[in-house]
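[1] here is my input; please provide its structure:
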Amino acid sequence: MIDYRKTKFEEAPRDVDVVLDTVGDDTQERSWKVLKRGGVLASLSAAASPEKAAANGARGFFVRQEANAAQLATIADLVVSGKVKVNVETILPQAEACQAQELSQKGHSGAKTVLRVIWGIAELVLTAEPFRPRVRR
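    Model (predicted):
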């Protein structure tokens, strides 16, 4: 595990078998440097260039997932039961959506910025950045 706040991951040990890129852009570009020949770059954010993969002797994949109601219900149950903890830093009303976006782009606090959206009688809470649950062990 590499703490990206203290160390640039591309300066850490190399010859990694697999990189899971959840950011894209420059992070994906830097990820090619750490893969060993024959390694795999799996990206959740952007398709990996076949030319870059070939130039680095690696393989690149774009991983997409369709929303599935049963899986989302299972995740919700894990959160409610406490097996998965969602670390929320800030909850803002819909009127402060711009501030929520600014907070999510400022840095990596390790916690989520949540935007509370009200639709009639029902209330829906949306995260202003990708949901990455942490599993308690």
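[2] state the distance from Asp15 to Ala58.
    11 Å (CB to CB, to the nearest Å). The way it works is simple: take the backbone N, C-alpha and C, and place the C-beta from them, glycine included.
[3] between those two, tell me which one has more neighbours.
    Ala58 (21 against 9; other CB atoms under 10 Å).
[4] state the pLDDT value of the most centrally placed residue in the chain.
    Taking CA atoms, centre = their mean, the centroid of the chain lies closest to Thr22, which sits 4.5 Å from it. With respect to pLDDT, Thr22 has a value of 84.
[5] looks like it contacts Ala46 (just checking).
    No - taking CB atoms under 8 Å as the definition, Thr22 is not a contact partner of Ala46, at 10.4 Å.
[6] who's in contact with Asp25?
    With contacts defined as CB atoms under 8 Å, 6 or more residues apart in numbering, Asp25 is in contact with Ser45, Ala46.
[7] now for Asp15 and Ala58: what residues contact both?
    Leu35, Lys36, Gly39.
[8] distance check, Val16 against Gly38.
    Per CB to CB, Val16 is found 11 Å from Gly38.
[9] neighbour count: the two, which is higher?
    When neighbours are counted by other CB under 10 Å, Val16 comes out ahead of the other of Val16 and Gly38, with 17 against 9.
[10] just the C-alphas of the one helix or strand Thr27 maps to, formatted as CSV.
    Remark: Thr27 resides in helix 25-31, with elements defined by DSSP states H and E. Taking Å, rounded to 0.1, in the frame of the first residue of the first chain, the C-alpha atoms of helix 25-31 are listed here in CSV:
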residue,chain,number,x,y,z
ASP,A,25,-6.0,11.4,-16.8
ASP,A,26,-2.5,12.0,-15.5
THR,A,27,-2.8,9.2,-12.9
GLN,A,28,-3.5,6.7,-15.7
GLU,A,29,-0.5,8.0,-17.7
ARG,A,30,1.8,7.7,-14.7
SER,A,31,0.5,4.2,-13.9
